[in-house]
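**Student:** My questions are about this predicted structure, shown below with the sequence.
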There are 2 protein chains.
Amino acid sequence: MIYGGIEAGGTKWVCATGTGPDDLQEFVTFPTTDPAETIARAAAFFTAKGDVAAIGIGSFGPIDVRRVSPTWGRITTTPKPGWADTDVVSTLGAALGLPLAFDTDVNAAALGEYRWGAAAGLETFCYVTVGTGIGGGGMANGRVMHGLLHPEFGHMRIPHDRARDPFEGVCPYHGNCFEGLASGDAIRSRWGHPPEALDDERVWLLEAEYLALGLVNVICALSPQRIVIGGGVMKESSLLPLVRRRVAELIAGYLSAPELAEAIDCYIVAPALGDRAGVLGSFELARMAVDGQPS
Amino acid sequence: MIYGGIEAGGTKWVCATGTGPDDLQEFVTFPTTDPAETIARAAAFFTAKGDVAAIGIGSFGPIDVRRVSPTWGRITTTPKPGWADTDVVSTLGAALGLPLAFDTDVNAAALGEYRWGAAAGLETFCYVTVGTGIGGGGMANGRVMHGLLHPEFGHMRIPHDRARDPFEGVCPYHGNCFEGLASGDAIRSRWGHPPEALDDERVWLLEAEYLALGLVNVICALSPQRIVIGGGVMKESSLLPLVRRRVAELIAGYLSAPELAEAIDCYIVAPALGDRAGVLGSFELARMAVDGQPS
């Protein structure tokens, strides 16, 4: 029995079949265009793969993850043009006739890291992605984090020192929320170049400041046993060490744990599955739809 | 079988025996002085109560809640003079010879509200107390929130508009963190009077702003199904409606749920058990120490 996985991102979609990191059988990536075309390409990838038992979808959001809701399976209030109120699950379900599981891209990636990666064995941890936007999710007490809706780390409010950074922020809902100040879009808009084209130390010190403020808030709200942080912006190699150092400084010894001081290098970590955490975690979503809870 | 409960606060301790809100058998309150005297008074209350099966302790913090830790049962890095590294559980255990359960005051209050109050039937919710300090905890996926340590909502960082509020904040570790700006101590220090002596609208509009920013961060981090908010500062009757309105404004329609808009009066609520949530929840901690997980 094999599974299908879709990492439905705001920039690109990844579709794959297999059972895990050592058994990734087919794999395709294509850009996110309009909903009809993008979903049709995903459906075409999975059509006639008769050995797929179920498909897991880890989607950009916000999405409706409440199985009892009449709008379950939809992308809801996203600011991404054309994508608000897109019914991903019904459209794919009608095309494929397979069981579908649906969660956020970050919860899917968290599941991947839990099953095969940097969060193995942990009951309560977070997964944060810093890319075009900022997303966050994870597991609490051994199960994926859902509640009223799902976590939306990117829209926390953090301190914004306008003397140091007069930039207003890019979030269309909140301006200078965490995502508005620290996402890849914010970096591009503030400095006039995409993150990968910037090697000015000021860029990365400011970015580390915002990321550390956001992570401190996650630590104070959830007390995760570990934070896995990935996404395109984290590919700048100087950034993770700066973030770790600044988180420890901001905690300032108040929370008494070596993980928040001398052992912080093992507490805030890169995804062990790298860019494949999301699509591999989608296999795990699919497996859970067939078998039940996480193994 | 009856239980003992201790609400071990930074200002006062409450000790009680019973089984629930309709069966509160004995009840005593005394001020928090130094650790030796305060713990001895609690021990004296429970001595020779032969029908008590176990005692639950909901303590101010930070505390060590990890059962496998050599410092389990201690108050750790509290700024409260004389109380850092106080071994509450060993001292009481030696005096009483009863099973003891130990958690934060806010997790205990959350358990009380889950068993008998405003959080009945919810799997994921938060309890926030705004008193001398600000604490937060709750349940995630049906179990009390623990992880690396325990939640510490009060030490999240929130925006601080120094043009509107030049006050530096009172947190000895972080200055203007959430607790540093919005706790009862912060109000007293900023305005020169205790909260109960202040009826200037500016006081409560500013307080509502900070509380709303903190709650928005909790909502984005955890997506709780409900937030129960209590503590001495919330006794100002104008405050809760102001906080609700400001939370809805700050969410700005991004999270698509009636609970964060027109139904917010049922989403951010006062404790149904009032000031007794903590000590009643400590009964539930005690019961769980004997019986297992929440009923």
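**Tutor:** The structure has been received and is ready for your questions.
**Student:** and the host helix or strand of residue A:126, what does it pack onto?
**Tutor:** Assigned by DSSP states H and E, residue A:126 belongs to strand A:125-130. Secondary-structure packing of strand A:125-130 (3 or more C-beta pairs under 8 Å, 6 or more residues apart in numbering or on different chains; DSSP states H and E): helix A:105-116, strand A:134-140, helix A:201-222, strand A:227-230. The way it works is simple: take the backbone N, C-alpha and C, and place the C-beta from them, glycine included.
**Student:** following the second one, which helix or strand shows up next?
**Tutor:** Scanning the chain past strand A:134-140 towards its C-terminal end, the next helix or strand to appear is strand A:143-144 (assignment: DSSP H and E).
**Student:** Look up how far chain B lies from the residue of chain A positioned farthest from its centre.
**Tutor:** What lies farthest from the middle of chain A is residue A:163; by C-alpha atoms, centre = their mean that is 30.8 Å. Noted for residue A:163: a distance of 10 Å to chain B, by C-beta to the nearest C-beta, to the nearest Å.
**Student:** same check, this time on residue A:167
**Tutor:** 15 Å.
**Student:** again with residue A:263
**Tutor:** For residue A:263 relative to chain B (C-beta to the nearest C-beta), the value is 11 Å.
**Student:** got a pLDDT number for that residue?
**Tutor:** Per-residue pLDDT puts residue A:263 at 97.
**Student:** Of the helices and strands packed on strand A:125-130, give the one that comes closest to residue A:146.
**Tutor:** helix A:105-116 (8.0 Å; C-beta to C-beta).
**Student:** and stretch A:60-80 with chain B, contact?
**Tutor:** Yes: between stretch A:60-80 and chain B, judged by C-beta under 8 Å from any C-beta of the partner chain, the touching residues are A:62, A:64, A:76-77.
**Student:** ok, back up a step: distance to residue B:174 and mean pLDDT added to the helices and strands packed on strand A:125-130, as a markdown table?
**Tutor:** Formatted as a markdown table, the helices and strands packed on strand A:125-130 follow (distance: least, C-beta to C-beta, whole Å; pLDDT from 0 to 100):
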| stretch | distance to residue B:174 | mean pLDDT |
| --- | --- | --- |
| helix A:105-116 | 27 | 98 |
| strand A:134-140 | 22 | 97 |
| helix A:201-222 | 9 | 98 |
| strand A:227-230 | 19 | 98 |
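**Student:** Out of the ones you listed, which is closest to residue B:57?
**Tutor:** Closest among the helices and strands packed on strand A:125-130, once you apply C-beta to C-beta, is helix A:201-222, at 22.5 Å.
**Student:** Measure how the closest one sits relative to strand A:125-130, angle-wise.
**Tutor:** 150 degrees (axes from the mean of the first three to the mean of the last three C-alpha atoms, to 10 degrees).
**Student:** quick one: helix A:201-222 to chain centroid distance?
**Tutor:** 16 Å (C-alpha atoms, centre = their mean, to the nearest Å).
**Student:** so what secondary structure elements neighbour that helix?
**Tutor:** Against helix A:201-222 (3+ C-beta pairs under 8 Å, 6+ apart) you get strand A:125-130, strand A:134-140, helix A:178-182, helix A:184-191, strand A:227-230, helix A:239-251, helix B:201-222.
**Student:** Residue A:145 and residue A:134, how far apart?
**Tutor:** From residue A:145 across to residue A:134, the span is 16 Å (C-beta to C-beta, to the nearest Å).
**Student:** likewise residue A:286?
**Tutor:** For residue A:286 relative to residue A:134 (C-beta to C-beta), the value is 26 Å.
**Student:** Could I get the phi/psi values of residue A:52?
**Tutor:** Main-chain torsions, residue A:52, degrees, to the nearest 10: phi -80, psi 120.
**Student:** Identify the residues contacting it.
**Tutor:** For residue A:52, the contact set (C-beta atoms under 8 Å, 6 or more residues apart in numbering or on different chains) comprises A:2-4, A:17, A:46, A:98.
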